[in-house]
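Novice: could you work out the structure for the sequence below:
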Amino acid sequence: MKVKSSLIASAVAAALLVQAVGTSIANHTTNSSTKASASVQKQGQKEGLEGKHEGKGEKQKELMNIINQYAMPQLKEQLTKDLSTRDSLKKQLKQTPGVQKQEVQEKAKRQAVYQAHKQEINAIHQQVKDGKLTKEQAHQRLEALFGKHEGKDQENDKGKEQGTRAIYQELGTAVQKKDKTAINTALGKIDQNLKSSIQQLQQQINANK
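Specialist: Numbers count the residues shown, from 1 in each chain. Got it, this is the predicted structure:
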């Protein structure tokens, strides 16, 4: 289901970006460059189980701090505009009849998967509590479990995520070095991704009216 797949990819991309950049800022202010650099790299590769539940508002502020501090004026204006447009279109897409119907269907399907694998899922969570699995390992197992029922779109999401992850790592490293040229290069790539996302969202809105 392409609509849901694209929404997931967009959400993951945004989460990874603000997570990597936010961690970079926080660590930089502690004047611990070595630890900060390692943390940024790990965050760029990580989607913890808790990640989906963390506040998006605060992370958006962290991203805007980077843009406001380092982005060239024209790029800053374009990024701000594109971020706002993307967020607005995502809200519009969620309100379309097609997506609302699809969300109900997907919720029912995922609930069915959960019921079918309840013991296995609970066992994974318990292993995390017991320290036998890291959150990253647990996430991978749960993703693999639910991915069996997601089809090819899940594979496409992973491909997109890998492509954006490299950009987020690039940005995090550039912020650590205070390399304005590299930061603006990475931000430019992010804006290109935003433009692509906006175009896809517009198409999906029209297709699901």
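Novice: low-scoring stretches of this structure, by residue?
Specialist: Within the chain, the ranges that satisfy pLDDT under 70 run 1-56, 148-162.
Novice: tell me where it has helices.
Specialist: 2-28, 33-45, 56-70, 73-94, 97-116, 118-129, 135-147, 152-177, 180-207 (DSSP state H).
Novice: send the alpha carbons of the third one over as PDB?
Specialist: Same thing as helix 56-70. Included here for helix 56-70 are C-alpha records, laid out as PDB according to Å, rounded to 0.1, in the frame of the first residue of the first chain:
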ATOM      1  CA  LYS A  56       8.200  15.700  17.700                       C
ATOM      2  CA  GLY A  57       7.800  19.300  18.600                       C
ATOM      3  CA  GLU A  58      11.000  19.500  20.500                       C
ATOM      4  CA  LYS A  59      12.900  17.800  17.800                       C
ATOM      5  CA  GLN A  60      11.500  20.100  15.200                       C
ATOM      6  CA  LYS A  61      12.900  23.000  17.300                       C
ATOM      7  CA  GLU A  62      16.300  21.400  17.400                       C
ATOM      8  CA  LEU A  63      16.300  21.100  13.600                       C
ATOM      9  CA  MET A  64      15.200  24.700  13.200                       C
ATOM     10  CA  ASN A  65      18.100  25.700  15.500                       C
ATOM     11  CA  ILE A  66      20.500  24.200  13.000                       C
ATOM     12  CA  ILE A  67      18.800  25.900  10.100                       C
ATOM     13  CA  ASN A  68      18.700  29.200  11.800                       C
ATOM     14  CA  GLN A  69      22.300  29.100  13.000                       C
ATOM     15  CA  TYR A  70      24.000  27.700   9.900                       C
END
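Novice: could you give the angle of that helix to helix 73-94?
Specialist: Between the axis of helix 56-70 and that of helix 73-94 there is an angle of 160 degrees, by axes from the mean of the first three to the mean of the last three CA atoms, to 10 degrees.
Novice: got the contact list for the nearest residue to residue 191 once chain neighbours are set aside?
Specialist: Among residues not flanking residue 191 along the chain, residue 79 sits closest, at 5.3 Å (CB to CB, 6 or more residues apart in numbering). Every C-beta, even on glycine, is put in place using the N, C-alpha and C of the backbone. Listed by CB atoms under 8 Å, 6 or more residues apart in numbering, the contact set of residue 79 reads 67, 71, 187, 190, 191, 194.
Novice: number of nearby residues for the residue nearest to the last one when sequence neighbours are not counted?
Specialist: Read it as residue 194. Spatial nearest neighbour of residue 194, chain neighbours left out: residue 82 (4.1 Å); criterion: CB to CB, 6+ apart. By the criterion of other CB atoms under 10 Å, residue 82 has 18 neighbours.
Novice: do you know how far residue 82 is from residue 187?
Specialist: Shown here: residue 82 relative to residue 187, a distance of 11 Å by CB to CB, to the nearest Å.
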